[in-house]
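Engineer: Give me coordinates for this.
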Amino acid sequence: MLAKVMAVCRSEEKGTRKEIVSEGILREDYGLIGDAHADCCTHRQVSLLAIESINKMRRLGFEVGSGDFAENLTTEGIDLVSLPIGTEISTGDKVILEISQIGKKCHSGCAIFRQTGKCIMPKEGVFAKVIRGGVIRSGDTISIKH
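Structural biologist: Numbers count the residues shown, from 1 in each chain. All right, here's what the predicted structure looks like:
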């Protein structure tokens, strides 16, 4: 299966679900323009979560989708959590992201945790720095740079 971006998501406030947008602009060493989590001074500029992880929650009976776990990019066909820190992935025509963190400590105030009592971001969410920015859209292919 070809790895691809399933959705691009952003929100103006931290700790909330993100809304799906048709495309986004990733700025080098910053993140997704217009997203509350974008910041030049962090290694967690962009968050990624696989649709396969979201589907696990759906199978448990939760009605969740892209952006509900506050991820910027929902992916398909790539095992994000198996990528070593420092791995570079490319998407779109020129975007390069560097995996900077696997998982995170979940704060109890996150919207999805309050609704379901469970969150997959702590174990299955991945964070990245933007090495080279550009436009990103749903349907863009993802490849691991070697």
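Engineer: hey, where'd the strands end up in the chain?
Structural biologist: Shown for the chain, the strands assigned by DSSP state E span residues 4-10, 19-21, 23-27, 31-32, 46-50, 73-76, 88-91, 95-102, 126-132, 134-137, 142-144.
Engineer: what's the helix ranked longest in the chain packed up against?
Structural biologist: Using DSSP state H to define each element, the chain has its longest helix at helix 51-59. Under the contact definition 3 or more C-beta pairs under 8 Å, 6 or more residues apart in numbering; DSSP states H and E, helix 51-59 sits against strand 73-76. Backbone N, C-alpha and C define where each C-beta goes, glycine included.
Engineer: How about the contacts made by V5?
Structural biologist: L73, T74, T75, T91, G92, I136, R137, S138, G139, D140, T141, I142 (C-beta atoms under 8 Å, 6 or more residues apart in numbering).
Engineer: Specify the beta-bridge partners of it.
Structural biologist: T75 (DSSP bridges).
Engineer: so how far is K129 from it?
Structural biologist: According to C-beta to C-beta, to the nearest Å, V5 stands 17 Å off from K129.
Engineer: Please apply the same query to C9.
Structural biologist: Taking C-beta to C-beta as the measure, C9 falls 18 Å from K129.
Engineer: same thing with G65?
Structural biologist: To K129, G65 is 26 Å away according to C-beta to C-beta.
Engineer: And for G15?
Structural biologist: In this view, G15 and K129 are 22 Å apart by C-beta to C-beta.
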